Structures are given as structure tokens and as C-alpha cells.
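>>> generate coordinates for the sequence data below:
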Amino acid sequence: MSPHILIIMVFSLSMGTLITITSSHWLLAWMGLEINTFAIIPFMTQKYNPRAMEATIKYFIMQTTAATMLLFASISNAWLMGQWDIQQMTHPIPLTMISIALALKLGLAPMHAWFPEVLQGSNLTTGLILSTWQKLAPLSLMLQLPTNNTTLLTILGLSSILMGGWGGLNQTQLRKILGYSSVAHLGWMILILQYMPSLTFLAFTTYIILTFSMFLTFWYNKSTTINALSTSWTKAPILSAITPLMLLSLGGLPPLTGFLPKWMILSELTKQELMLTATMAALSALLSLYFYLRLSYAMTLTTAPNNLPATLPWRIYFLQPTTPLAIATTLSVFLLRLSPTALALFSH
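All right, here's what the predicted structure looks like:
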């Protein structure tokens, strides 16, 4: 991709998200979402192959469907209630439609099936953008909606945690596993959204740190399958020793960073006397933990049966700077120590 085109696309991607985040009018928010969608498409198609084109078309169709539904619901609300303001979405039918449209944009279950497929057809860099930056605009709109559709958000959250864990169990492609991991993490965010929105922001920040470190690890390691991951002990031994800690952090085990949002979310759900919801969420998270443990096992305790000299270099020479990977790895493992600060910041 030409550097000039790259600058234009990155600028459009940033501006689309910022327009949506800062807008209070539905038309402006819709316009930002559309700019965001069109800006990511050149990144997905920069390597021309049938799989990338298929993923791009799927992504475009899903995002367009969600944007059309969002526009229709906002027009319906303006017609019924005379309001274009995002926080004045008071009529139950347009509110439900817009929640479903934003869930489709985010990739929440049961509208999640497109996301792992799109991620599988993209390279790791584009997949990182799709998993982190592209979630920011729809989630900011979801945060601004009135919280009077409690049942819908609870169903979306619990089904996303369940399907995110269940869908990743039988996968061998790392990008699909990260896609289902994203669905599960978004389920936790949506589950607590109606009771404590600041916790949703904390969970999203933690998710970005963890996902960034995992995508960078696989990118530096040049691995896209579990089979390729099992040869990483000869390519990057230090990275192979640290990656299981990051995977367990994604699973939410103490004393790692990923434990912080799940612990606080379960605590808040308990305070709201939602014992059954908290129990179902905690048990469904065990499914995700299983395939994180599977990846850790494949990376550190097994040797691949097809160690061909042509596909197994003794060491990877890092041509890219490793500072982002070092920072992300440190944050994803050691950030739990700052939990008192996080509690003080996000409890108000």
C-alpha cells in the first residue's frame, strides 16, 4: 500500500471513530460508523487473494446491514418521539432495534458468526484493528443508550460468554480462536453495562491490552495455527515462556491482569443480587479457559511431529522493533497490582 494512501486510511479510520464517539445526534454517529467501515476495507484487501476478498465482502455486508438497521431505528425514534438525540432513545421498539444493530456491529452472540470468519480471512495486523479499534465506536454508542432494556443486554452478554467459549473449543486456527475470545470478552462488557458502565470501560481497556499482546506475539512468532505455534520453542524461547502467562491472563486467572475486570464484574453482579447471572457467567468463562490452556500446552509442552528444516528456522530474527511487544507483555501480566488504583478510578 502506498504511504499516502496509508496515511489517508489511518486518518479516516481515526476520524470516523472520533466522530461517532463525540456525536450526540444519530445521523452524525451513523456517518462516523460508515466512514469507519469504508476506511478498514483497503486494509483487508491489500493482499489480493480469494480468502481476503471473501472476508471483506462478509464484513461489508454485516456492517452495512447493522448501519441500515441503526439508521432505520433512529429515524423511527425521531418520527415517534421527535428526538434525534442519542441519549433520548426512549421508545422501546427503536431502542431494541438499535441495541441489536450495535450488537451485530460488535459481533455479540447470537450475531457473532461473521466475526471469526472475517478475522480468519485477514492478516494479523488487520485482525488486531478489527478486534480493538473497530469495537470502540459501537461500544461508545451502546454506553450512551438508556439502560431500560435489561433483559436484552443480559441475554446478549450471557450468550456471548457462552458462545465465545464454546465456539473456540474445536478450532486450530489462532485467528479464529482470538475471534471467539473477543466475543466472550465483549459478553462480559455488555453484561455489566447496564449496572456500572465504568466497569465496561475498564474491561474494554484490559481487553485491548491483552489482545494487543497476543496478536503481537503471534505476529512476531509468524504463527497462525496451533501446529505452527508448537514449533515456537525453537524460534523464540523467551517468548514461548511468557506467552502462557498472557494466555492465562486472557482466561482471567489471578494474579494476572485479566483477573481484574472479571473479579470486579462478578462482585458488582453479586451486589446487584444477580447470583444466577454471575454464576452462569463464571461457569461459561471456564470454556474459554480450556482453549487458552490448550494453546499454552501446545506452545510449551509439545513438539510438533512435522519439524521440517524448511519450515522450522532455528531462530527468528526480529526485524521489527520489539518495544511494543515488551510493553504489552508486561502490562498483560503485571497490571493487577494496580487494582486499588483502578477501583478508586472506576468506582465513581
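>>> residue boundaries of the helices in the stretch 1-150 of the chain?
3-22, 26-44, 50-81, 92-106, 114-121, 124-131, 133-144, 150-167 (DSSP state H, counting those that start in this stretch).
>>> list the helices and strands the helix or strand just after the last one packs on?
Spelled out, it's helix 150-167. Later in the chain than helix 150-167, the nearest helix or strand by DSSP states H and E is helix 174-193. If you count contacts as 3 or more Cβ pairs under 8 Å, 6 or more residues apart in numbering; DSSP states H and E, helix 174-193 packs onto helix 114-121, helix 124-131, helix 133-144, helix 150-167, helix 197-221, helix 259-271, helix 275-300. Any C-beta I mention is one placed from the backbone N, CA and C, and that applies to glycine too.
>>> please enumerate residues in contact with the first one?
To tie it back to what came earlier, the one meant is helix 114-121. With contact meaning Cβ atoms under 8 Å, 6 or more residues apart in numbering, helix 114-121 is reached by 44, 51-52, 54-56, 58-59, 62, 107, 127, 130-131, 167, 171, 173, 175-176, 178-180, 182-183.
>>> pull out the buried members of those residues.
Using 16 or more other Cβ atoms under 10 Å as the burial test, the contacts of helix 114-121 include 44, 52, 55-56, 58-59, 62, 107, 127, 130-131, 167, 171, 175-176, 178-180, 182-183 as buried.
>>> gap between Val21 and Pro138?
For residue 21 the amino acid is Ile, not Val. Using Cβ to Cβ, to the nearest Å, Ile21 is found at 10 Å from Pro138.
>>> could you do Ser230 as well?
Ser230 is 36 Å from Pro138, by Cβ to Cβ.
>>> ok, now Ile75?
Applying Cβ to Cβ, the value for Ile75 to Pro138 is 19 Å.
>>> between those two, which one's more packed in?
More crowded of Ile75 and Pro138, by other Cβ atoms under 10 Å: Pro138, with 26 against 15.
>>> next, count neighbours for the residue lying closest to the more buried one once chain neighbours are set aside.
Of all residues not flanking Pro138 in the chain, Lys105 sits nearest, at 4.2 Å (Cβ to Cβ, 6 or more residues apart in numbering). If you count neighbours by other Cβ under 10 Å, Lys105 ends up with 26.
>>> what does the model give Lys105 for pLDDT?
Note on Lys105: pLDDT of 94.
>>> was I right to think it contacts Leu33?
Yes - counting by Cβ atoms under 8 Å, Lys105 touches Leu33, with 7.3 Å between them.
>>> intersection of neighbour lists for the two?
With Cβ under 8 Å, 6+ apart as the test, Lys105 and Leu33 both reach 63, 67, 70, 138.
>>> which residues touch the second one?
Applying Cβ under 8 Å, 6+ apart to Ala67 gives the contacts 30, 33-34, 37, 101, 105.
>>> can I get the residues you listed in JSON lines including distance to Val333?
Output for the contacts of Ala67, formatted as JSON lines (distance: Cβ to Cβ, whole Å):
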{"residue": "Trp30", "distance to Val333": "40"}
{"residue": "Leu33", "distance to Val333": "34"}
{"residue": "Glu34", "distance to Val333": "38"}
{"residue": "Thr37", "distance to Val333": "34"}
{"residue": "Ala101", "distance to Val333": "37"}
{"residue": "Lys105", "distance to Val333": "31"}
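>>> considering those, which is situated nearest to Val10?
Ranked by distance to Val10 (Cβ to Cβ), the contacts of Ala67 are led by Thr37 at 14.9 Å.
>>> contacts only, for that closest one.
16, 59-60, 63-64, 67.
>>> distance check, it against Phe291.
Distance, Thr37 to Phe291, using Cβ to Cβ: 30 Å.
>>> please apply the same query to Leu260.
Counting by Cβ to Cβ - Leu260 and Phe291 are separated by 21 Å.
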